[in-house]
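*Asks:* take a look and give me a structure for this.
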Amino acid sequence: MSETDKVFAGSIPANYDRYLVPLIFESFAHDIAQRVAALSPRTVLETAAGSGVVARALTPRLSPDASYVVTDLNQPMLDYAAARQVADSRISWRKADAQALPFEDAAFDVVCCQFGVMFFPDRQLGYREAKRVLKPGGCFLFNVWDRIEENVFANDVTNALAEVFPSDPPRFLARTPHGYHDTVLIRGELEKTGFSRVAIETRAEQSRASSPRHPAVAYCQGTPLRNEIEARDADKLEVATDYAASTIANRHGSGEVVAKIQAHVIVAEY
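*Replies:* Model (predicted):
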């Protein structure tokens, strides 16, 4: 994983939340929130919280006496998430590395992470940290995207950019968000770090957008894919975005567009 894969700064947080969250994250955030709430936790830690879509879905479902710590490695994303959240005394916001959590052992009933573990440079270290801060009997609940071919708009954009930059195609989406989809590997890494029961469910959803430009902007300007595009040619961001939009339009039509998204939901018990 490139260092730029982890940089969510500048206008990326706002574009991420405006375009990408409704496109692909909201439905899975509600799924994670429902699963966490069903465990009736008193103490919850969220890692790699991004722009706060899970926090917005989960907070209303938690008990009045719950404690919810929301963390992210990127301060700009954490600031954006906090600004979007309705004030709630149960929530605390903290910049934190999921691989070196600044919390005591056995502090939480649940640790959750929405589409974040793919960004961990050392996933097993991240898993060990999640296990360390969980109380005995606690639950680590997270999701990861399936392979890029099962996530149609992401694949369309990646293929389009390979035509814009044929000698050095930007591969962020395939390399990182969609690069950790092997369920056998995921299960094995969790079991190596001491999780005794691991359940994995593959879920398909529909991604909807009002126009082909929406997913093009979401991926090209709301993710670190933007950093890759601008590194190749700082003046080609709009050209690349427009070409991705035209590719999606050619495949899915010029009005509202709908395509498949698919992810694995993992529940690991300690």
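
*Asks:* show me the shaky parts of the protein.
*Replies:* Applying pLDDT under 70 to the chain picks out residues 1-12.

*Asks:* residue farthest from the centroid of it?
*Replies:* S167 (28.8 Å; CA atoms, centre = their mean).

*Asks:* straight-line length of stretch 213-229, end to end?
*Replies:* Terminal residues of stretch 213-229 are spaced 17 Å apart (CA to CA, to the nearest Å).

*Asks:* helix, strand, or coil at H264?
*Replies:* Three-state assignment for H264 (DSSP: H, G, I helix; E, B strand; the rest coil): strand.

*Asks:* may I have the beta-bridge partners of it?
*Replies:* V144, T202 (DSSP bridges).

*Asks:* before we move on, what about the one 5 residues further on?
*Replies:* For E269, the beta-bridge partners are C139, R197 (DSSP bridges).

*Asks:* correct me, but it touches C139?
*Replies:* Yes. In this structure E269 lies within contact range of C139 using CB atoms under 8 Å: 5.5 Å. Where you see a C-beta, it was placed from the backbone N, CA and C, and this is true even at glycine.

*Asks:* more neighbours: the two, which one.
*Replies:* A count of neighbours by other CB atoms under 10 Å puts C139 above the other of E269 and C139, at 22 against 15.

*Asks:* check contacts around that one.
*Replies:* By CB atoms under 8 Å, 6 or more residues apart in numbering, the residues touching C139 are L39, D109, V110, V111, V267, A268, E269, Y270.

*Asks:* any idea how far it lies from A55?
*Replies:* As judged by CB to CB, to the nearest Å, C139 and A55 stand 18 Å apart.

*Asks:* do the same with Y243
*Replies:* The value you get for Y243 to A55, if CB to CB is used, is 35 Å.

*Asks:* looking at the two, which has the bigger crowd around it?
*Replies:* For Y243 versus A55, the count of surrounding residues by other CB under 10 Å is larger for A55: 25 against 18.

*Asks:* now do the helices in the stretch 51-200 of the chain.
*Replies:* Taking DSSP state H, counting those that start in this stretch as the criterion, the stretch 51-200 of the chain carries its helices at 53-58, 75-84, 123-133, 152-164, 172-175, 183-192.
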